[in-house]
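> give me a model of this one.
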Amino acid sequence: MNRRDVLRSTVYAGTALALPTWANAAGSNGDIRIAVIGFKGRGSGHIGSLSKIKGVRIVALCDVDSEVMDKHVANLKKNNVEVKSYTDYRKLLEDKDIDAVTIATPNHTHTVIALAALAAGKHVYVEKPVSHNVHEGAALVKAASKVEGKLILQHGMQRRSDLGWAAAEEYLKSGALGKTLLSRGVNYKARKSIGKVSGPQQPPSTVNYDLWCGPRETAPVMREKFHYDWHWQWAYGNGDIGNQGPHQLDVARWMLHNPEKLPTRVMSFGNRWGYDDDGQTANNQLALYDYGKGTAPILFDNRGLPKADMNWQAGFEPVYKNVVRIGNVVHCEGGYIAEAKAYDNEGKWNGQKFAIQDGPDHMKNFILSIQAGKLVNPNLHVSHGHHAAALAHIANISYRLGKKVAPAEIKERLQGDKFALETFEDFAANLAANKIDIGVDQAHVGPWLTLNPDTLQFEGEFAAEANKLATEDVYRDGFKLAEVA
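From the prediction side, this is the model:
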């Protein structure tokens, strides 16, 4: 038996008595009846994955865009799968013939829908980031404790089901590379301008805009591309540090052996360089996280511009250490891990390799957990999703409180931090290669913020402003955060 077989045999061992009564039923009546909520993007992958898992029936779809809905209903029908169609997730949650839901809507509705689904007695799989702000994530963790043993609440960060990353963590624990000095997340993903509109735009005629806005006010649409480009506007998205970032921030924290609390200090800087558009979030951003004595820091390095000359050709993006474009690096005294391999300090592969596949069984593990009546792996717990999202959120809070600062002052702030200084030099060089002078078009540099990880409240200087950004001003009636009994 290989490691995957051992894991699976462990999952099934001793779970028969824990299975809910419906799971013991024979034939199709024993299938898990599942609904997918939101599938313009990532949710279409949910449909594909769930369709391949034995013992699962997709029985309903929900999306606020009728064009998206009609397309996927038709595709399922071609495969002889008939589903109910819903526009409003609240109506779907009233359906007693649905056991579980997966959620891949825009970020600002993830927690709102997840809590409502738990309150309605459904198992929940919620995509990353599991929250749009720090306190939503804490609400999910609290809800998970209340439904434990009754309902499954799982995050959508596939790497947590990856045996290769699990092996990498064990390798670090063994001390083979010595003391961990820094856990780094890297996201070098080119992001072009989203354009600049001259005035408010009409949402697509196929979209129920009131439902799309959910907890937010129905504000005018100020972007050319309605779908996806909400990622770069604060009311709905969290920038790339909250989009791709949670995957790498989660692995960075995992490789530090999962600190139970958030870091006590955070600082972030960056800007939206290279174009003037309707995006509000940074396209290049550094974030530094300090856990205090005994735990190595995390550094997240996000770059959305090409390698040089604003050349947007495919593949023309920076690559860290000539290995990682999007991924993780763990720096240790005796070398480093860069994604699937371990290297010595001179950059030579030391022969150690990890079978990293980005967790192809992650959705299946959600189903296995429902069948077992408990999470089949502690790595699936929504608390990991909360931590990864919160790391993005607190960095964005520092960034949003920033002011323009000259490069010399940035270096002064980073004094004594070898990794941060080296990264900043390379960060600035990438901007210069794209004809951007950081001395003229300066970075927005946020303050070092102090966080009380027990209360999730910022303390000290800038605390009032930071705490205001840590939650939302408005949850409209009908879309407030549900209380889970």
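
> what are the ranges of the strands in the stretch 251-400 of the chain?
Using DSSP state E, counting those that start in this stretch, the strands of the stretch 251-400 of the chain run over 265-271, 284-290, 298-303, 326-332, 335-338, 341-343, 349-353.

> these into CSV, with extra columns for mean neighbour count and distance to residue 176?
Backbone N, C-alpha and C define where each C-beta goes, glycine included. Formatted as CSV, the strands of the stretch 251-400 of the chain follow (neighbours: other C-beta atoms under 10 Å; distance: least, C-beta to C-beta, whole Å):
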stretch, mean neighbour count, distance to residue 176
strand 265-271, 24, 30
strand 284-290, 25, 25
strand 298-303, 25, 21
strand 326-332, 22, 9
strand 335-338, 23, 8
strand 341-343, 19, 8
strand 349-353, 13, 7
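
> residues in contact with the longest strand along the chain?
For the chain, the strand that runs over the most residues, judged by DSSP state E, is strand 180-188. Applying C-beta atoms under 8 Å, 6 or more residues apart in numbering, the set of residues contacting strand 180-188 from outside is 172, 240-241, 244-245, 248-249, 251-253, 255-256, 296-303, 317-320, 324-333, 419.

> domains for the protein, by residue range?
3-160, 163-363+378-469 (automatic domain parsing).

> quick check: end-to-end length of stretch 181-195?
Stretch 181-195 stretches 41 Å from its first residue to its last (C-alpha to C-alpha, to the nearest Å).

> centre of the chain versus that stretch, how much separation?
Offset of stretch 181-195 from its chain centre (C-alpha atoms, centre = their mean, to the nearest Å): 13 Å.

> likewise for stretch 184-199?
Distance of stretch 184-199 from the chain centroid (C-alpha atoms, centre = their mean) equals 17 Å.

> same check, this time on stretch 103-121
15 Å.

> ok, stretch 211-226 next?
21 Å.

> give me the below-cutoff pLDDT ranges for this protein.
Residue ranges of the chain with pLDDT under 70: 1-29.

> that one: helices as residue ranges?
Taking DSSP state H as the criterion, the chain carries its helices at 3-12, 42-51, 66-78, 89-92, 110-119, 134-147, 163-173, 209-213, 245-254, 362-372, 382-400, 407-413, 418-433, 463-469.

> what's the closest of the domains of the chain to residue 475?
Closest to residue 475 of those is domain 163-363+378-469 (C-beta to C-beta; 4.4 Å).

> before we move on, the earlier item: and of the helices of the chain, who's closest to residue 261?
Comparing the helices of the chain by their distance to residue 261 (C-beta to C-beta), the top pick is helix 382-400, with 8.8 Å.

> tell me which residues of the closest one are tucked away?
382-400 (16 or more other C-beta atoms under 10 Å).

> can I get the helices of the chain in JSON lines with distance to residue 262?
Output for the helices of the chain, formatted as JSON lines (distance: least, C-beta to C-beta, whole Å):
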{"stretch": "helix 3-12", "distance to residue 262": "29"}
{"stretch": "helix 42-51", "distance to residue 262": "25"}
{"stretch": "helix 66-78", "distance to residue 262": "36"}
{"stretch": "helix 89-92", "distance to residue 262": "29"}
{"stretch": "helix 110-119", "distance to residue 262": "17"}
{"stretch": "helix 134-147", "distance to residue 262": "8"}
{"stretch": "helix 163-173", "distance to residue 262": "19"}
{"stretch": "helix 209-213", "distance to residue 262": "29"}
{"stretch": "helix 245-254", "distance to residue 262": "9"}
{"stretch": "helix 362-372", "distance to residue 262": "24"}
{"stretch": "helix 382-400", "distance to residue 262": "6"}
{"stretch": "helix 407-413", "distance to residue 262": "21"}
{"stretch": "helix 418-433", "distance to residue 262": "19"}
{"stretch": "helix 463-469", "distance to residue 262": "13"}
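
> how about those, which one is nearest residue 350?
Among the helices of the chain, the nearest to residue 350 by C-beta to C-beta is helix 163-173 (10.6 Å).

> packing partners of the closest one?
In this structure, helix 163-173 makes packing contacts with helix 3-12, helix 245-254, strand 326-332, strand 335-338, judged by 3 or more C-beta pairs under 8 Å, 6 or more residues apart in numbering; DSSP states H and E.

> thinking again about what came up before, what's the closest of the helices of the chain to residue 275?
Closest approach to residue 275 among those is made by helix 418-433 (13.1 Å; C-beta to C-beta).

> which residue is the nearest non-sequential neighbour of residue 202?
Taking C-beta to C-beta, 6 or more residues apart in numbering, and ignoring the residues beside it in sequence, residue 202 has residue 221 as its nearest neighbour in space, at 7.0 Å.

> ok, now which ones touch the one you found?
Applying C-beta under 8 Å, 6+ apart to residue 221 gives the contacts 200, 201, 202, 203, 209.

> now the two most distant members of these.
Top of the distance list for the contacts of residue 221 (C-beta to C-beta): 200 and 209, 11.8 Å.

> neighbour count winner among those two?
More crowded of residue 200 and residue 209, by other C-beta atoms under 10 Å: residue 209, with 15 against 9.

> how far away is the more buried one from residue 226?
Per C-beta to C-beta, to the nearest Å, residue 209 is found 9 Å from residue 226.

> re earlier: what bridges to the residue nearest to residue 202?
On the basis of DSSP bridges, residue 221 is bridged to residue 201.

> look up how far residue 445 lies from it.
Between residue 221 and residue 445 the distance is 31 Å, computed by C-beta to C-beta.

> can you check residue 343 too?
As judged by C-beta to C-beta, residue 343 and residue 445 stand 32 Å apart.

> residue 455 too?
Residue 455 is 26 Å from residue 445, where distance means C-beta to C-beta.

> the two: which is more packed in?
residue 445 (23 against 9).

> count the residues that sit near residue 138.
If we define neighbours as other C-beta under 10 Å, then residue 138 has 17 of them.

> how about the strands of the stretch 251-400 of the chain, which one is nearest residue 431?
Checking the strands of the stretch 251-400 of the chain against residue 431 by C-beta to C-beta gives strand 284-290 as the closest, at 7.0 Å.

> what does that closest one contact?
Outside of strand 284-290, the residues within contact range by C-beta under 8 Å, 6+ apart are 239-241, 263-271, 273, 297-305, 391, 395, 398-399, 417, 420, 423-424, 427, 430-431.

> circling back: overlap in contacts of residue 209 and residue 226?
Counting by C-beta under 8 Å, 6+ apart, the residues touching both residue 209 and residue 226 are residue 203.

> just to check, residue 60 is in contact with residue 39?
No: look at residue 60 against residue 39 with C-beta atoms under 8 Å: they stay out of range, at 11.7 Å.
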